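In: Make a model of this:
(2 chains)
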Amino acid sequence: MTAVGPPGAGGATPAAISVEHVSKRFRRYMVKNQSVKSAIFKRSRGIYEENWVLDDVSLEIPTGSTYGLIGSNGSGKSTLLKCMARILKPDKGSITVNGRLSALIELGAGFHPELSGRENVYLNGAVLGLKRREIDQRFDDIVSFAGRQVIEAIDQPIKTYSSGMYVRLGFSIAVNVEPEVLLVDEVLAVGDEEFQRRCHQRFEELSSSGRTVVIVSHALSTVAAMCDQVAWLERGKLSHVGNPQQVVDSYLTRLDFGNAAGAGAVGGRALPDVRITDIALDGVGARLERTTTELGEEVVLVRSGQPVKLRMGYETDQAVPTPTFALSIHTLDGTLAANPSTLSLALPEKVNGTGVVELEVPSLMLVPGAYTLGAAILDHAGEHAIDKKLRLVRFEVAGGNPGEARGIVALNGRWGGSLLDGSGA
Amino acid sequence: MATIAEYVEARELAKALTLREIRGQYKGSILGWLWSLLNPLTTVLVFSFLFLVLGAPAPVGDPSGLKFYALYFFTGLVPWNFFSATVSGSAGSLVNQGSLISKVYFPRAIVVVSKLGAVGFTSLMEMTVAVVLLLIAGNMVLPWLPVVLLLLVLQSCLALGVGLMLAVANVYFRDVGHFVGILLQVGFYSAPIVYPISLVEEKLGADRLWLYRLNPLVDLIEAYHHVLYDLRMPSLAWLAYVAVWAAVVLGLGVLMFNRFEPRLAEEL
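Out: Numbering: from 1, shown residues only, chains lettered A, B, ... in the order given. Below is the predicted model:
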């Protein structure tokens, strides 16, 4: 996956959105006096603590680019989006937006259940800043984009719509507003696959026609594929900005380091203390080449179908019952591609000191692309994790059969049938 | 704080939200608009009956000579309902539109303005009925309608000012709505709607009547009586007094609203 540079970058076009030293503080109420009575008697509006949801964030979103905002829950990405949309006002700093902005934070904002689909299109259009004349022009596009079901029910009250129809109608209005800057929050995760595909198409159309799209999402693969640039927010601070794939990668890596579980007790029974010392991916007979990314991450290069050895080291301070060792290969969007473990294997009863577990793979059946290798040590039954290091080794698969470039697994099968045997016409 | 240009830009939204309110109100009821008229008409019937039973004389229109208590009451009730429904509706408006406010940006006062618009629409329907009834009773009110319109504008400013303040207050203190209900009830009897102003004059004495008239609602309602029931020009001096109230209240309302507007989305 290669990132496309934003069109017009480096030119004299001003940024679509420039965020300058923005900080936002939220009050979290422990006690909230929401009535005049209690406010008078207790002489305060409540007890609260303030915390900074955004802390000195500065960003430039180039005009015409598709920009992703990622981060874990509570990282402030949605707050930042709401500040851009002017729903919230930053406590410090400023945000400048060039061009008409439309924010897609909730689909069908302001829909009235008793009103017909038609009336609601006009209502929601007005909410999103369209004039009546503009909605007239777009009306047919909006309804046809929403699909056949909605076309048929357009004069029925919207309370009779299924939730799918409701969302589709809301979405079609929003994307047909044709703003110069479109802010999208998480709404990509709605609708069936067919509708999602059309949404993606629509976003691509928008961005190729020079509009700026800002997306907040948890769907990392989508973000990596669609965006020209990605910003990663962590606890209200800007952590990384840049190439989508690289930012998503380092985000995933950070996520899993944070998760590494130490030895603990489960159900009153102590888990054996075994730690992962290292994880490696080696060639069989030959060493594998390595390269370094811009972010300083080391990447191992493999060819599809090549024999490889996956290895993990472990250590213990004392003799413990043998745990289960597991390896995991993830695609970059977080899909688990393979998860071999020693669960069914007859192993010695105890382990002590340091050691190595190795898995020889006669042929690495992965299609070309970027993957990560991780490892986990689980209890004997394979139920509880003792130590986990996911996505530790980055590797890139190249080459292979050009006829097998998509999906995850390269079957490396042999084609046959009458056409290939020569017995066909 | 939203600029004036933004409000101009958002007039389509104001229209759409007003229509939403008006349409939503009567959708799903077969009688639709009729319901909105039935309510004040019932009130008129009840009070007229009471007045009859008490044996009080109906106020006589000067110079119209009209002597019909139900019509006297109705000409005061329609503007009162306009004021009271706008104020109580505005108070809850921001909280009711909370999901919209926390999801979309638009100048927030639009919510209160559209409430005023929707209530104003209903009031215009009621006013039309009142005018028709007055015409049937022989009061030629048509030449006075421009003055009625002027009064409605003046009253809208007053109601909008109060509405803006209460809407914001209700976001911070959710029990404001209850207080408003009680205050409006007091307000209803504080103005010459059920009774004629002459009744107060008798009890209070003509030289102390100004005390009663300090309440801007008194002369506002009395102006409607003068124009529609008596068919004469209301006291301009007292109307000017009401206008000053309206201007001050609206000014304060706008100031207070703008002060709290930026934080509304997070407080809701």
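
In: tell me which parts of chain B are close to chain A?
Out: Taking CB under 8 Å from any CB of the partner chain as the contact definition, chain B meets chain A at B:9, B:12-13, B:15-17, B:19-20, B:23-24, B:27-28, B:99-106, B:172-176, B:179, B:262-263, B:265-266. Just so you know, the C-beta spots here come from the backbone N, C-alpha and C atoms, and that holds for glycine as well.

In: Try it again at 6 Å.
Out: Counting by CB under 6 Å from any CB of the partner chain, chain B comes close to chain A at B:12-13, B:16, B:20, B:23-24, B:27-28, B:100, B:103-105, B:173-175, B:262, B:265.

In: in the stretch 201-350 of chain A, what residue is nearest chain B?
Out: Closest to chain B within the stretch 201-350 of chain A is A:V216: 13.6 Å, counting by CB to the nearest CB.

In: ugh, typo on my part, it should be the stretch 151-300 of chain A
Out: For the stretch 151-300 of chain A, CB to the nearest CB, closest residue to chain B: A:P157, 7.2 Å.

In: show me the contacts for that residue.
Out: A:114, A:116 (CB atoms under 6 Å, 6 or more residues apart in numbering or on different chains).

In: sorry, back to before: just the buried subset of the residues of chain B next to chain A, written out for ChimeraX, thanks.
Out: Restricted to buried positions by 16 or more other CB atoms under 10 Å in any protein chain shown, the ChimeraX selection for those reads:
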select /B:12,13,16,20,23,24,27,100,103,104,105,173,262,265
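
In: picking up where we left off before, so the residue of the stretch 201-350 of chain A closest to chain B touches A:S75, yeah?
Out: No: with contacts counted by CB atoms under 6 Å, A:V216 stays clear of A:S75, the gap being 10.0 Å.

In: okay, these two: which has more neighbours?
Out: For A:V216 versus A:S75, the count of surrounding residues by other CB atoms under 10 Å in any protein chain shown is larger for A:V216: 25 against 20.

In: Find the residue ranges of the chain scoring beneath the pLDDT cut-off.
Out: Using chain A. Applying pLDDT under 70 to chain A picks out residues A:1-13, A:42-45, A:186-193, A:253-271, A:294-296, A:422-425.

In: Let me rephrase: I mean chain B.
Out: B:1-2, B:27-32.

In: centroid residue for it?
Out: Centroid check for chain B by CA atoms, centre = their mean gives B:F83 as the closest residue, at 1.7 Å.

In: show me what contacts the nearest residue to that one once chain neighbours are set aside?
Out: Spatial nearest neighbour of B:F83, excluding adjacent residues (CB to CB, 6 or more residues apart in numbering or on different chains): B:A159 at 5.1 Å. B:A159 makes contact with B:83, B:86-87, according to CB under 6 Å, 6+ apart.

In: Can you give me the buried ones in the helix or strand where B:A159 lies?
Out: Using DSSP states H and E, B:A159 falls within helix B:145-172. By 16+ other CB under 10 Å, the buried positions in helix B:145-172 come out as B:147-148, B:151-152, B:154-172.

In: Going by secondary structure, A:L419 is in what exactly?
Out: Going by DSSP H and E, A:L419 is in helix A:418-421.

In: Can you tell me the SS state at A:A405?
Out: In three-state terms, and counting by DSSP: H, G, I helix; E, B strand; the rest coil, A:A405 is coil.

In: Skipping adjacent residues, who's closest to B:L199 in space?
Out: In this structure, B:L199 finds its nearest non-sequential neighbour in B:P192, 8.0 Å apart by CB to CB, 6+ apart.

In: Next: B:V129.
Out: Closest residue to B:V129 apart from its sequence neighbours, by CB to CB, 6+ apart: B:L37 at 6.0 Å.

In: still on that earlier bit, measure how far the next helix or strand after the helix holding B:A159 is from the centre of its chain, please.
Out: Next helix or strand after helix B:145-172 toward the C-terminus (DSSP H and E): helix B:176-190. Once both centres are worked out by CA atoms, centre = their mean, to the nearest Å, helix B:176-190 turns out to sit 13 Å from its chain's centre.

In: Need the contact partners of the helix or strand that helix B:176-190 is followed by.
Out: Along the chain past helix B:176-190, the next helix or strand (assigned with DSSP H and E) turns out to be helix B:197-204. Applying CB under 6 Å, 6+ apart, the external contacts of helix B:197-204 come out as B:209, B:212, B:222.

In: cool, and stretch A:285-297?
Out: Residues from elsewhere that reach stretch A:285-297, judged by CB under 6 Å, 6+ apart: A:246, A:250, A:298-301, A:394.

In: Present these as JSON lines; the columns should include distance to chain B and secondary structure.
Out: Output for those, formatted as JSON lines (distance: CB to the nearest CB, whole Å; DSSP: H, G, I helix; E, B strand; the rest coil):
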{"residue": "A:Q246", "distance to chain B": "32", "secondary structure": "helix"}
{"residue": "A:S250", "distance to chain B": "31", "secondary structure": "helix"}
{"residue": "A:E298", "distance to chain B": "44", "secondary structure": "strand"}
{"residue": "A:V299", "distance to chain B": "42", "secondary structure": "strand"}
{"residue": "A:V300", "distance to chain B": "46", "secondary structure": "strand"}
{"residue": "A:L301", "distance to chain B": "47", "secondary structure": "strand"}
{"residue": "A:R394", "distance to chain B": "39", "secondary structure": "strand"}
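
In: Bridged to A:V274, which residues?
Out: For A:V274, the beta-bridge partners under DSSP bridges are A:T316.

In: what about it, neighbour count?
Out: A:V274 has 23 neighbours, counted by other CB under 10 Å.

In: Ok, the one 5 residues further on next?
Out: By the measure other CB under 10 Å, the count of residues near A:I279 is 20.

In: ok, now A:V121?
Out: Neighbour count for A:V121, taken as other CB under 10 Å: 28.

In: Name the secondary structure element that contains it.
Out: helix A:117-127.

In: Counting by contacts, list what that helix packs against.
Out: helix A:132-146, helix A:163-176, helix B:11-26 (3 or more CB pairs under 6 Å, 6 or more residues apart in numbering or on different chains; DSSP states H and E).

In: Give me the residues contacting it.
Out: With CB under 6 Å, 6+ apart as the criterion, helix A:117-127 contacts A:108-111, A:135, A:142, A:154-155, A:158, A:173, B:12-13, B:16, B:20, B:104.

In: Tell me the one of those residues nearest A:T324?
Out: A:G108 (48.8 Å; CB to CB).

In: tally of neighbours for that closest one?
Out: Residues lying near A:G108 (other CB under 10 Å) number 22.

In: got the contact list for it?
Out: A:124, A:170.

In: Tell me how many other residues crowd A:G353.
Out: 10.

In: I meant to write A:S162 there.
Out: Other residues lying near A:S162 total 11 when counted by other CB under 10 Å.
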